[in-house]
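S.K.: dropping the sequence and predicted coords here.
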Amino acid sequence: MRGLLRAVAWIVLLGLVALAAFILVPEQRTPPQTNPLAAGWQPAADAPLYAARLADCAACHTAEGGKPFAGGRPIQSPFGPIYATNITPDPETGIGGMTLDEFRAVLYDGIGRKGENLYPAMPYANYRTLTEADVQSLYAYFMHQVLPVRNEVPRTALAFPFNQRWGIRAWKWVGLPAAGFTPRFNDPKLDRGAYLVEGPGHCGACHSPRNAFFAQDGYTSKDPSFLSGGLVGGWTAPDLRTVGNAIAGWSAQDLDLFLATGRNAHAGVTGEMELAIAHSLQYMSAEDRAAMVAYLRAIGPAPGTPPSAPKRVVARAATFGGPDATATEKLLASADPAMPLGARLYLDNCGACHFVDGKGADGIFPALDGNALVTAPGTAGLITTILKGAALPSTALRPYAVAMPGFAGRLSDEEVAALATFVRGAWHNRAGAISPADVRAIRGAAGGGLDASSLY
Amino acid sequence: MSLSPSALTRRSLLKTTAIGLVMGVSLPVPLFARSAEPPPLADYKPEYFTAQEWAFVMAATARLIPSDGTGPGALETRVPVFIDRQLAGAYGIAADWYMEGPFDPAANPQLGFQSPLTPAEIYRQGIALFDGWCRQALGSPFAALAPVRQDQALKLLEKNALAAGKPPAGATPAEAGPLVPPELRDFFTLLLANTKEGYFADPKYGGNHAMQAWVYIGFPGARASYAEWATRQNVRYPLGPVSISGERA
């Protein structure tokens, strides 16, 4: 008996020691992975800014209305808000004085300066593929080109057990991919595209599903679920990968235009992707954008015959509701007072810009027929857009920030639900219904610009 | 042709019919979607007008767009509410008009509005002047006159030709002579214009109640979406109007 107790005590003690070691022993930092750089290597003059834009650090680390990179923006996670840190070179509240090795450990291993584990809201799982040249370019940018800003950001305080940061160490064992980037296409353009999308662009952080450990399900195109669509705060980040995905049928030029301007003949950017266009993608070189486009088209399903780009409104209007039109278009064009409420609301509120054929206008008003936001499984995007409106980013190539007003002041929850349900089933769309309760949940949330009922 | 497992059976037909019936019952378009019905016009508490002024505006707009025609009148469409709210707001104080001098109210009317008075002041002084003239010349304030007399009085006001004393039968404006000072010469013009505006403006401004004026003339409202109708000639557009706040009629 005594022997057994003694054995149990020893096992418990060993367990505690192992746990203490797990919590207290510092992690190993991953060394530089690629391109051993010559001694005294310095990034080209414009490389630091370009790298920071590529990695879109501003999207999280610059708060709305805040100083660049001074942090404080809350990143909504399923476990509570995670506050982006101040990454200006301010020595006390920022990252001033950080060494290159410490900086690389943040990007590669999610280890902070004091050895603390960083929440994976910071996409270090993606940044693990960064080349040493990009790491050092980013380091140069944040050490020397960003103005130091003294700004103490709110402490992230998630509920137990998510406030136990040592647990992230265990998460990393299952969640992190191998470090470094391995070219595998035997084609410099596709490999460059793969690097940009999988690495600094961290597209998969939103556009890939999450697995049971809440880690990105697949980090490269070798994983079939990579870029097959994800859910972010109730919004669907569209599937870019599988048959019938959001960009299926887009030409290379359509996709290129979308990345550069947030708009094309089919769609207008919404949600968080608007920040990605505004802060990051619009600044990419034409070659890099073309590489991303080539890669995204190469990893998707074999392109079928792309649908012809919709004609200009003036040319279409003459045949609106004609013999070849969809049933939805015929119903709308009839202006029949007996039409269902959703259709009537579409005519009263949406038709002026999106038209009875749901095709919108090239580069101005997105098409709703086949629109990924409209048919998304996560309905928060569609409901939010109807209630609070949306605005395209102003970009160098397309400066006009075309805006859609919100309709919260004009439509009740029941009406928004009827309208959203209608557009999800209109034309060629075949997505499920939306309930007034879904709308009510989003109406109360913050945000939104101009409302349609206050336009005049 | 082989029957698929999902082909029509008696059970599926019954089910579909039941669903159809439920949908049919639950999905008709509510023809009218309106904000809560406002209090009756008689109970309206004016924001700008005094009781006497309000009585005049009610009576005068009722003559400008009477209720006994083929369509709704100014009172059913709550035009007086529109005018009261406009005068209580930015329009009343000419908030976005150039209102610095020099003023020459007697300038050629082709030169536009020249009065130093704001629209609210023109109504206040104009109603006092006109009601006073009605009392003196016709024996009672405008609101208490018979409709025929009201029309006669308004016609003289329109020509700014209010004479002292009773207008003789068949008197010409020239004979009636001027009594309206130049800074008030736009009073009738404003009254008529504001009445039309209150009749046809979006209901959110208080007039055109329930979009009755739009229904009457067949104007489909703030839908702004008729590209599919541009090529259809001589076909009546079947849908009723929609307002800025989303009311349907």
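M.R.: It's in. Keep in mind that this is a model prediction, so the values were computed, not measured. Numbers count the residues shown, from 1 in each chain, chains lettered A, B, ... in the order given.
S.K.: contact partners of whatever helix or strand A:Arg53 lives in?
M.R.: Using DSSP states H and E, A:Arg53 sits in helix A:47-54. Residues outside helix A:47-54 that contact it (Cβ atoms under 8 Å, 6 or more residues apart in numbering or on different chains) are A:43, A:58, A:133-134, A:137-138, A:140-142, A:144-145, A:196, A:200-201, A:279-280, A:283-285, A:288. C-betas here are computed from N, CA, C, even on glycine.
S.K.: buried ones only from those residues, please, as a PyMOL command.
M.R.: Only the buried entries of these go into this PyMOL selection, using 16 or more other Cβ atoms under 10 Å in any protein chain shown:
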select buried, chain A and resi 43+58+133+134+137+138+140+141+142+196+200+201+279+280+283+284+288
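S.K.: just the contacts of helix A:47-54: which are in helices?
M.R.: Here DSSP state H is the test, and the contacts of helix A:47-54 give A:Ala58, A:Ala133, A:Asp134, A:Ser137, A:Leu138, A:Ala140, A:Leu196, A:His279, A:Asp288 as lying in helices.
S.K.: pull the most distant pair out of the residues you listed.
M.R.: A:Ala133 and A:His279 (21.4 Å; Cβ to Cβ).
S.K.: buried ones in stretch B:66-79?
M.R.: Here stretch B:66-79 shows B:Pro72, B:Gly73, B:Ala74, B:Leu75, B:Glu76, B:Thr77, B:Arg78, B:Val79 as buried, counting by 16+ other Cβ under 10 Å.
S.K.: correction: stretch A:115-132
M.R.: Under 16+ other Cβ under 10 Å, the buried positions of stretch A:115-132 are A:117-132.
S.K.: and those residues, which is closest to A:Ala417?
M.R.: The closest of the buried residues of stretch A:115-132, once distances to A:Ala417 are taken by Cβ to Cβ, is A:Ala121, at 32.0 Å.
S.K.: per-residue confidence for the closest one?
M.R.: pLDDT for A:Ala121: 92.
S.K.: now the angle between helix A:132-140 and the helix holding A:Arg53, please.
M.R.: Counting by axes from the mean of the first three to the mean of the last three Cα atoms, to 10 degrees, helix A:47-54 lies at 100 degrees to helix A:132-140.
S.K.: can I get the ones in helices among the contacts of helix A:47-54 in TSV with pLDDT?
M.R.: What follows is the ones in helices among the contacts of helix A:47-54, written out as TSV (pLDDT from 0 to 100):
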residue	pLDDT
A:Ala58	94
A:Ala133	94
A:Asp134	96
A:Ser137	97
A:Leu138	97
A:Ala140	97
A:Leu196	98
A:His279	93
A:Asp288	98
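S.K.: please pull out the lowest mean pLDDT helix or strand from chain A.
M.R.: Across the helices and strands of chain A, mean confidence by mean pLDDT, DSSP states H and E is lowest for helix A:2-24: a mean of 77.
S.K.: could you do chain B as well?
M.R.: The helix or strand of chain B with the poorest confidence is helix B:10-26; it has a mean of 41 (mean pLDDT, DSSP H and E).
S.K.: just give me the neighbour total for B:Gln150.
M.R.: B:Gln150 has 19 neighbours, counted by other Cβ atoms under 10 Å in any protein chain shown.
S.K.: Three-state assignment for the closest residue in space to A:Ala376 that isn't next to it in sequence, please.
M.R.: Leaving aside its chain neighbours, A:Ala376 sits nearest to A:Thr236 (3.5 Å; criterion: Cβ to Cβ, 6 or more residues apart in numbering or on different chains). Of the three states, A:Thr236 takes strand under DSSP: H, G, I helix; E, B strand; the rest coil.
S.K.: correct me if wrong: A:Thr236 contacts A:Ser228.
M.R.: No. A:Thr236 is not in contact with A:Ser228 according to Cβ atoms under 8 Å; the separation is 11.2 Å.
S.K.: the two: who's more crowded?
M.R.: Using other Cβ under 10 Å, the more surrounded residue of A:Thr236 and A:Ser228 is A:Thr236, with 23 against 19.
S.K.: show me what the more buried one is bridged to.
M.R.: A:Thr236 has the following beta-bridge partners by DSSP bridges: A:Leu231.
S.K.: can you tell me which residues contact it?
M.R.: Applying Cβ under 8 Å, 6+ apart to A:Thr236 gives the contacts A:Gly229, A:Gly230, A:Ala372, A:Leu373, A:Ala376, A:Pro377, A:Gly378, A:Gly381.
S.K.: please settle this for me: is A:Arg440 part of a strand?
M.R.: No. Under three-state DSSP, A:Arg440 sits outside any strand and is assigned helix.
S.K.: surely it meets A:Asp413?
M.R.: Yes. When contacts are counted by Cβ under 8 Å, A:Arg440 is listed as touching A:Asp413 (4.9 Å).
S.K.: so these two - more neighbours on which side?
M.R.: Shown here are A:Arg440 and A:Asp413; by other Cβ under 10 Å, A:Asp413 has more neighbours (19 against 15).
S.K.: mind listing what that one touches?
M.R.: For A:Asp413, counting by Cβ under 8 Å, 6+ apart, the contacting residues are A:Pro436, A:Ala437, A:Val439, A:Arg440, A:Arg443.
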